[in-house]
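> Below are the sequence and a predicted model; questions follow.
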Amino acid sequence: MPCIVLVQGSGAGLTEIIFCNIILMIVEYFNNMSEGAPVNEPRIFPTIVNNPVGLMELIRAIADPTSFVNIDKYLTPERFNFESGVRKVNLELAVAFEWEMKTQAARRLISEGYTLENTGELVQFLLDNPSEVAKYSYIVALGELSRWIHPDGRIFVPAVNMSGINRFFYLEVFQTLFDFRDKFIDSNCRVLVSCANK
C-alpha cells in the first residue's frame, strides 16, 4: 500500500500525514473493489441430506465425543416432519435483520426467490459445517415443515449454534424478533435457505 513519509523541511505536519495515509487507504480499497474483488457474495454449500432411518438418528449424529451437545427435548419426529430419502440441495445462509420478525424474514426471503429449508437440512448443515455455524449467534430453519405449534399458540422453529466445541440444537419462537445475543457484529443471525437457480 502506498504511504506518505514525513520529510524534514517539507512543512507537512503529523496530522496532515495521517490524513493523507487514510485517503490513500480508502482509494486502494475502492480500487480493489473495481478490480473484481467479491463484496458480500453469498456462499453456496452443496449438501446431500441422506437419512433413511429418521430424524432422531440424524440429530443424534450431532453428538461429538469431544464436545457437549444440548438437544431440546421438544425436537421429536412427532412435532417436526422430516422428508426421508436422499436430497441434493445448494444451501445458503441468508442475512437476518435485527429489527425483523422471523415471520417477516420468511415472507421476505420467499419473495426474493428463496426456498426456506427445514429441520433435516439444518441438522445436516451443522454436521457438515460446524466452523461456519460458529461464526453466528445462531442459524434457524423457517420452512413450513419446521414449524411446531405449541398448545399455548406459539410457533416454534429449530435453531443451531455453537459455543467453542459445544453444539446446541434448540427452539426459537417464530413470532419474535431475531435475538442478536452478545455478538459485536451486525447481521449475525442467519436463515437456512436454498435457491433453485444456483
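Yep, that arrived.

> C-terminal to the lengthiest strand in the chain, what's the next element?
Ranked by residue count, the top strand of the chain under DSSP state E comes out as strand 85-95. Downstream of strand 85-95, the first helix or strand assigned by DSSP states H and E is helix 102-111.

> tell me what the longest strand of the chain is packed against?
Judged by 3 or more Cβ pairs under 8 Å, 6 or more residues apart in numbering; DSSP states H and E, strand 85-95 is in contact with strand 45-51, helix 119-128, strand 189-194. All C-beta atoms are positioned from the backbone trio N, CA, C, and that covers glycine.

> Do you know the pLDDT at the nearest residue to residue 122 once chain neighbours are set aside?
Nearest non-adjacent residue to residue 122, counting by Cβ to Cβ, 6 or more residues apart in numbering: residue 141, 4.1 Å away. Note on residue 141: pLDDT of 96.

> Check residue 49 too.
Per-residue pLDDT puts residue 49 at 84.

> Touching, it and residue 124? I think so.
Yes. Contact criterion Cβ atoms under 8 Å: residue 49 and residue 124 qualify, at 4.7 Å.

> residues contacting residue 100?
Contact analysis of residue 100 by Cβ atoms under 8 Å, 6 or more residues apart in numbering lists 108, 177-178.

> Quick check: it vs residue 122, distance?
Counting by Cβ to Cβ, to the nearest Å, the gap from residue 100 to residue 122 is 19 Å.

> Show me which residues of stretch 99-117 are buried.
Using 16 or more other Cβ atoms under 10 Å as the test for burial, stretch 99-117 gives 100, 102, 105-106, 109, 114-117.
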